[in-house]
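K.L.:
Sharing a sequence plus its predicted fold:
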Amino acid sequence: MKKMFFQPLAVILLVVFASLACSSKYPGFDKTESGLYYKLYKVSKDTIKPKVGDWITLDYKLVVKVKSKDSTLLDSKKTSQGSVRLQIPPSDYKGDLYSGMKIMSSGDSAIFIIPADSLFKRTFKQPSRPPFVDSNSVVQFFVHLKLIENPADLMKKEAETLKKYVQTNNITVAPTPSGIYFIETEKGKGLKIDSGLMVKLHFTVSLIDGKQIFSTREQPEPIEFEYGKQFDTKGLEEAVAKMTKGGKAKVVVPSRLAFGEQGRGTLVPAFSTLLYDVEIVDVQSKADNEKAKAEQKKKAEIKVDAAKKAEAGLLQKYLKDNKITTKPTASGLYYIEKVKGTGAQAMAGKKVGVQYTGTLLNGKKFDSSRDRGVKPFEFELGKSQVIKGWDEGIAMMRKGGKAILIVPSSIAYGERDMGDITPYSTLVFDVELVDVK
C-alpha cells in the first residue's frame, strides 16, 4: 500500500500568507546544504532528529511584513486547534519546509525563510501562486518542536500496553487472525449478519486507559448501517459479523484495525488500541427494513395530517374565544395593532430592538425578553434571523408601536420540535418595537 503523508500545515496556512520583502541576504541566518535559510534561537540538549515517516508535534507562528511592518498572521497557541501533529514526508524540493524540520530536535525553536512561489506551487501543490502574494516574497515560520515520535517505537509501546491490558483484565479468549479480541457477554438470536443486511446497534468506544471518546447511547436512537459498506473501524465491523440480534460483546481492537498511525484528531492518539462495548439492537433484510421505514413514514404522515388539522381547529377556536375579527395576511399572519407607533418605520436591513412575550394558544408562556431584564431583543430585519412571521409582522410596525402577532406554524417552526413548542404550533406574540436603527 502506498504510504500517505499528511500535511496539516498546508491546509491551515494556505489562506493566510502575505508577502514579505525579499532580499538576497538574511543577516543572522544560516543556510543548509539544501539551500534553506534558518536560525536556531533555542537549542535543547536532545540530539535526536526526525526522519521521513516520523511524527512530530509543534507550535508555530507565521510572521509577515505588511507595509514594512512585521505582522503575526497566525499563532498556533492562539488557535482552538493548538499544537499541530504531522508526519515528516519526503522533501518536495531542496530547501523546503520539511527539510528544515529535519535539522531540529525536541525542544528546539527555529525560524525558517521560504520563497512563497516554491511553497505554494511545490509544497502545497497549487497550480499557481495566489495573486495577492508577490512572486519575490518570502514566508517566515517560527517553529517550536515539542515532540518526535518514531512509528516503530509507538507500535512497540502499543503492543506492550495491549499485552498488559489482556493480562490485567484476565482475557482468556484468543485473538482472531486479524488481531481483535472478541468477548461475547450475551448471545443473540436471529439472522447471521452478512453483506446487505441492515443493522441497528449501540456501541461505546474508549481508549485502553478507559477514557470514553464516543457513545451512541447518548443519542435517542441506535445507529443503523448496511453491513458490507464502510461504517466505523474494520475491527468493529469484524466483531459485528460475529453477532446476532440481541447480542452483546466487548471488543478489543488494535490500532491497525482502527485509526492506525494517524489517530483521529485530538480524541484518538496515533497507535491507539480501542475498546468497544457493542449491542446489536436489530437485524433486518433490506426489503424488510424498507417496508418498516415505509410504514413508519405512513404513520408519521398520518400524525402530521392530524397535527395540522388540530392546529387549524385550535386557531379558529382561539380567534373566536378572543373575538378576533382581523383578516390574516397572504402568509396566514394575524397582525393586531394595539398602539400605533410614531417613530421610524421598521424595514428590511434595519436593526430593530423588540420587547416580546411568546405564548402558545393555550396561554402557556414559552419565552419572554421581558423576563431577561430591560434590554430588548435585537436582530436585523428581513435577514431570516428570526421566524418568517416575525420578519413580516415587525416590518408592519413603527418605533413605539405595540401589536399582537398570531403566527401559524407554517411561518414559525413548522414540523420542528422546539421543546415547549411542539410541531405544528401556532404562536402568539405580544410585541413592542422599541428601537429602529
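P.N.:
Received the coordinates, thanks.
K.L.:
Who does the residue nearest to Phe203 when sequence neighbours are not counted form a beta bridge with?
P.N.:
Counting by CB to CB, 6 or more residues apart in numbering, Val278 is the residue found nearest to Phe203 once chain neighbours are left out, at 4.6 Å. C-beta here means a position set from N, CA and C on the backbone, and glycine is covered the same way. Note on Val278: beta-bridge partners by DSSP bridges are Phe203, Ala249.
K.L.:
Strands along the stretch 51-200 of the chain, start to end?
P.N.:
With strands called from DSSP state E, counting those that start in this stretch, the stretch 51-200 of the chain shows them at 55-66, 69-75, 84-87, 109-115, 138-149, 181-186, 198-207.
K.L.:
Dump those into JSON lines; add mean pLDDT, mean neighbour count and distance to Lys164 as well.
P.N.:
Shown next, in JSON lines, are the strands of the stretch 51-200 of the chain (pLDDT from 0 to 100; neighbours: other CB atoms under 10 Å; distance: least, CB to CB, whole Å):
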{"stretch": "strand 55-66", "mean pLDDT": "83", "mean neighbour count": "18", "distance to Lys164": "23"}
{"stretch": "strand 69-75", "mean pLDDT": "76", "mean neighbour count": "12", "distance to Lys164": "39"}
{"stretch": "strand 84-87", "mean pLDDT": "89", "mean neighbour count": "20", "distance to Lys164": "25"}
{"stretch": "strand 109-115", "mean pLDDT": "91", "mean neighbour count": "20", "distance to Lys164": "36"}
{"stretch": "strand 138-149", "mean pLDDT": "91", "mean neighbour count": "20", "distance to Lys164": "20"}
{"stretch": "strand 181-186", "mean pLDDT": "97", "mean neighbour count": "16", "distance to Lys164": "14"}
{"stretch": "strand 198-207", "mean pLDDT": "95", "mean neighbour count": "19", "distance to Lys164": "14"}
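K.L.:
need the ones you listed in JSON lines with distance to Lys383, can you?
P.N.:
Formatted as JSON lines, the strands of the stretch 51-200 of the chain follow (distance: least, CB to CB, whole Å):
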{"stretch": "strand 55-66", "distance to Lys383": "33"}
{"stretch": "strand 69-75", "distance to Lys383": "31"}
{"stretch": "strand 84-87", "distance to Lys383": "37"}
{"stretch": "strand 109-115", "distance to Lys383": "43"}
{"stretch": "strand 138-149", "distance to Lys383": "38"}
{"stretch": "strand 181-186", "distance to Lys383": "54"}
{"stretch": "strand 198-207", "distance to Lys383": "41"}
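K.L.:
about what we covered before: what number of residues lie near the residue nearest to Phe203?
P.N.:
Using other CB atoms under 10 Å, Val278 has 23 neighbouring residues.
K.L.:
That one contacts Leu201, correct?
P.N.:
Yes. Using CB atoms under 8 Å, Val278 is in contact with Leu201, at 6.2 Å.
K.L.:
sorry, back to before: compare the strands of the stretch 51-200 of the chain and give me the one nearest Val251.
P.N.:
Among these, the nearest to Val251 by CB to CB is strand 181-186 (5.7 Å).
K.L.:
how far out from the middle of the chain is the helix or strand Tyr356 falls within?
P.N.:
Tyr356 is part of strand 351-360, with elements assigned from DSSP states H and E. Counting by CA atoms, centre = their mean, to the nearest Å, strand 351-360 is centred 32 Å from the centre of its parent chain.
K.L.:
try stretch 98-116
P.N.:
31 Å.
K.L.:
One more: stretch 333-350?
P.N.:
Worked out by CA atoms, centre = their mean, stretch 333-350 lies 39 Å from the chain centre.
K.L.:
Quick check: the residue of the chain most remote from its centre vs Val407, distance?
P.N.:
The C-alpha centroid of the chain is most remote from Lys323, which lies 49.6 Å away (CA atoms, centre = their mean). Lys323 is 19 Å from Val407, where distance means CB to CB, to the nearest Å.
K.L.:
Tell me where the model's unsure across this structure.
P.N.:
1-24, 65-69, 133, 135 (pLDDT under 70).
K.L.:
In it, what residue spans correspond to helices?
P.N.:
Here the chain has its helices, by DSSP state H, at 8-13, 97-101, 116-118, 151-168, 234-240, 286-321, 388-394.
K.L.:
and the longest one, what does it pack onto?
P.N.:
In this case it means helix 286-321. Other elements packing on helix 286-321 under the criterion 3 or more CB pairs under 8 Å, 6 or more residues apart in numbering; DSSP states H and E are strand 402-407.
K.L.:
Could you list every helix and strand that the strand it packs on packs against?
P.N.:
Using 3+ CB pairs under 8 Å, 6+ apart, strand 402-407 sits against helix 286-321, strand 334-339, helix 388-394, strand 427-436.
K.L.:
can you redo these as CSV with distance to Tyr41 and mean neighbour count?
P.N.:
Below are the helices and strands packed on strand 402-407 laid out as CSV (distance: least, CB to CB, whole Å; neighbours: other CB atoms under 10 Å):
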stretch, distance to Tyr41, mean neighbour count
helix 286-321, 62, 12
strand 334-339, 68, 16
helix 388-394, 57, 23
strand 427-436, 54, 21
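K.L.:
TSV for those, including distance to Lys245?
P.N.:
Converted to TSV, those look like this (distance: least, CB to CB, whole Å):
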stretch	distance to Lys245
helix 286-321	12
strand 334-339	52
helix 388-394	45
strand 427-436	43
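K.L.:
With respect to Val240, which of the ones you listed lies nearest?
P.N.:
Among the helices and strands packed on strand 402-407, helix 286-321 comes nearest to Val240, with 15.9 Å by CB to CB.
K.L.:
Now do that closest one and strand 402-407, the angle between them.
P.N.:
Put simply, helix 286-321 runs at 150 degrees to strand 402-407, going by axes from the mean of the first three to the mean of the last three CA atoms, to 10 degrees.
K.L.:
Which residue comes closest to Glu184 once chain neighbours are left out?
P.N.:
Closest to Glu184 by CB to CB, 6+ apart is Ala249, at 4.8 Å.
K.L.:
isn't the one you found right next to Ala241, touching?
P.N.:
No. The pair Ala249 / Ala241 is not scored as a contact, 11.3 Å apart, by CB under 8 Å.
K.L.:
Of the two, which one has the most company?
P.N.:
Ala249 (21 against 16).
K.L.:
list the contacts for that one?
P.N.:
Phe182, Ile183, Glu184, Thr185, Glu186, Ala239, Lys242, Met243, Tyr276, Val278 (CB atoms under 8 Å, 6 or more residues apart in numbering).
K.L.:
The first one touches Val253, doesn't it?
P.N.:
Just to be clear, that refers to Phe182. No. Phe182 lies out of contact with Val253 (CB under 8 Å); the separation is 9.7 Å.
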